[in-house]
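# coords please:
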Amino acid sequence: MEYKLISHALDHLPLKLWDHVDQVIKATKYLVAQKELTFNGISKRQIEELGILVAACHDFGKSTSFFQEYIQSRIEGREYTGNERDKSHALLSAFFGWHMTEKWISKNGQLDEHWKLFLPFAVFLAIEGHHGEYKSIEEVLNSHDKNFNLLKKQIGKVHREIFRYVFPNFEVSGGEDFNIDAIETISSKLRKLNRKYEKPLDGYDEEKWLEVQIEHRLLALFLYSILLESDKAYLASDNPEQYERKPIDIPDDLVDEHLKKFKKDRLINEDRNRAYKETIDGVNSFPLSERIHSITLPTGLGKTLLSASWVLKLRKRIERENGFTPKIIVSLPFLSIIEQTDKVYKDFFGELYEKRQDRLYMPRYSIADFEYKDGVDDKERSDNSVDFFLNIWNSEIVVSTFDQLLYSLFSLKSK
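Predicted structure coming up:
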């Protein structure tokens, strides 16, 4: 079927809205499949379905004539003369996402009541913030109050083409009854949720309700994160091999082999070898449920290589016993230490780094080179493509600063 609605202007060439949404859905399915997800009361299959729903609804607002006029002006290289607010699409798309989530919940009656209460809001937040930042419920309500007339204007300009879109496990036609009345009903539910969510639901004490809220927060941010990455994946690269996330096999004896190149005739090497052996011998002895470990050694006894060897062996053990392969993130306080560590890692990776490059190992800090090579091809990437692959840390091992790590964990911005 031939579709006309446009999503992006890529070098003044149109990317159809259906094609973009289909790409985002495919990327979402791939990303969710790579994750180990263990939430109480909701299955991984259901989370995947929600991710697909978010992907399918996230650009619903681009179907308005306002946005289509704007994107057409971009393609033709002329100035857009319409109202900037009219062409916005995230808030309208978020309301549509809530609307479709309620329909999805009606088909998943086995969900716990607290998920039924929260999931529409989680989908709403993921979509509403995908071009800005993840908001609080108070910020959402304030935004809605300011934009109700805009939403009313936009809903009357939605092209019906979008309701013909069919994707695996999702049909947009299920939302043909979406209108301004639905938006008003959802707004009322938002206000009730704001009041209701502060107190535990029946059957939950304060402690148990806090645990539930933590799971809510984690799943909501997971959906948001998946959308942010999926939305840009195919725009950054149309080569699936470059977007591949299958773990790279890293021999856990790389450091051992590297150390054989050094002379061992000095006293300090005896101390290093003793510390190395005692630490490495213990990597298989503790239960994996113990998550925090420390290595304390005097300066000069090779903590960088020792910790690298230890974590590679732990990675291999987790892979063997738990069936998944974790990333390794090395977080350090100072640029001078990071630069030293960067050199050490590239030295012991040797030919493996030359072959897989940044897909294997990536230094990510303020003065690191702005480039991304994965060994798949030698084509020069656009700045947008480089920015994407660097920002998602698409590498098995990342060396970065404390502030970069904390920002990636706690920032609510989409970039």
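# my guess is residue 364 meets residue 399, correct?
Yes: using Cβ atoms under 8 Å, residue 364 is in contact with residue 399, at 6.9 Å. For every residue, glycine as well, the C-beta is placed using N, CA and C.
# out of these two, which sits in the more crowded spot?
Per other Cβ atoms under 10 Å, whichever of residue 364 and residue 399 has more neighbours is residue 399, with 24 against 19.
# Now that one: which helix or strand?
strand 397-401 (DSSP states H and E).
# Partner strands of that strand and their direction?
strand 328-332 (parallel), strand 361-364 (parallel) (DSSP bridges).
# quick one, domains of the chain?
6-236, 254-410 (automatic domain parsing).
# Distance to residue 247 and mean pLDDT added to these, as JSON lines?
As requested, those are exported to JSON lines (distance: least, Cβ to Cβ, whole Å; pLDDT from 0 to 100):
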{"stretch": "domain 6-236", "distance to residue 247": "9", "mean pLDDT": "92"}
{"stretch": "domain 254-410", "distance to residue 247": "4", "mean pLDDT": "81"}
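# Mind putting these into CSV with distance to residue 248?
Below are the domains of the chain laid out as CSV (distance: least, Cβ to Cβ, whole Å):
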stretch, distance to residue 248
domain 6-236, 13
domain 254-410, 5
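# Name the residues of stretch 152-169 that come out as buried.
When burial is assessed from 16 or more other Cβ atoms under 10 Å, stretch 152-169 yields the following buried residues: 153, 154, 155, 158, 159, 162, 163, 165, 167.
# Now flag whichever of the residues you listed is closest to residue 35.
Nearest to residue 35 among the buried residues of stretch 152-169: residue 167, at 20.8 Å, using Cβ to Cβ.
# can you pull the contacts of the closest one?
The neighbours of residue 167, taking Cβ atoms under 8 Å, 6 or more residues apart in numbering as the test, are 21, 22, 25, 52, 56.
# swap the cut-off to 6 Å and go again
Residues near residue 167 by Cβ atoms under 6 Å, 6 or more residues apart in numbering: 25, 56.
# which strand residues sit across from it in the sheet?
Under the criterion used (DSSP bridges), residue 167 bridges to residue 170.
# can you tell me how far residue 283 sits from residue 352?
The gap separating residue 283 from residue 352 is 21 Å, by Cβ to Cβ, to the nearest Å.
# neighbours around residue 80, how many?
Residues lying near residue 80 (other Cβ under 10 Å) number 14.
# where does it fall, helix, sheet strand or coil?
Secondary structure, DSSP: H, G, I helix; E, B strand; the rest coil: residue 80 is coil.
# now residue 294
Three-state call for residue 294 (three-state DSSP): coil.
# Next one: it relative to residue 307, how far apart?
Going from residue 294 to residue 307 by Cβ to Cβ gives 10 Å.
# Which of those two has more residues huddled nearby?
For residue 294 and residue 307, the more surrounded residue by other Cβ under 10 Å is residue 307, and the numbers stand at 17 against 4.
# Just the buried positions in the helix or strand harbouring the more buried one, please.
In the assignment (DSSP H and E), residue 307 maps to helix 303-322. Residues 303-316, 319 are the ones in helix 303-322 that count as buried (16+ other Cβ under 10 Å).
# With stretch 92-111 instead?
92-102, 104-105, 111.
# neighbouring contacts of that stretch?
53, 57-58, 60-61, 116, 119-120, 123-124, 127-128, 151, 154, 174-175, 178, 182-183, 186.
# So which of those sit within helices?
Among the contacts of stretch 92-111, the members falling in helices (DSSP state H) are 53, 57, 116, 119-120, 123-124, 127-128, 151, 154, 182-183, 186.
# Please check those and keep the buried ones.
For these, buried by 16+ other Cβ under 10 Å: 53, 57, 119-120, 123-124, 127-128, 151, 154, 182-183, 186.
# Looking at those, spot the one nearest residue 88.
Here the nearest of these to residue 88, counting by Cβ to Cβ, is residue 154; it sits at 8.1 Å.
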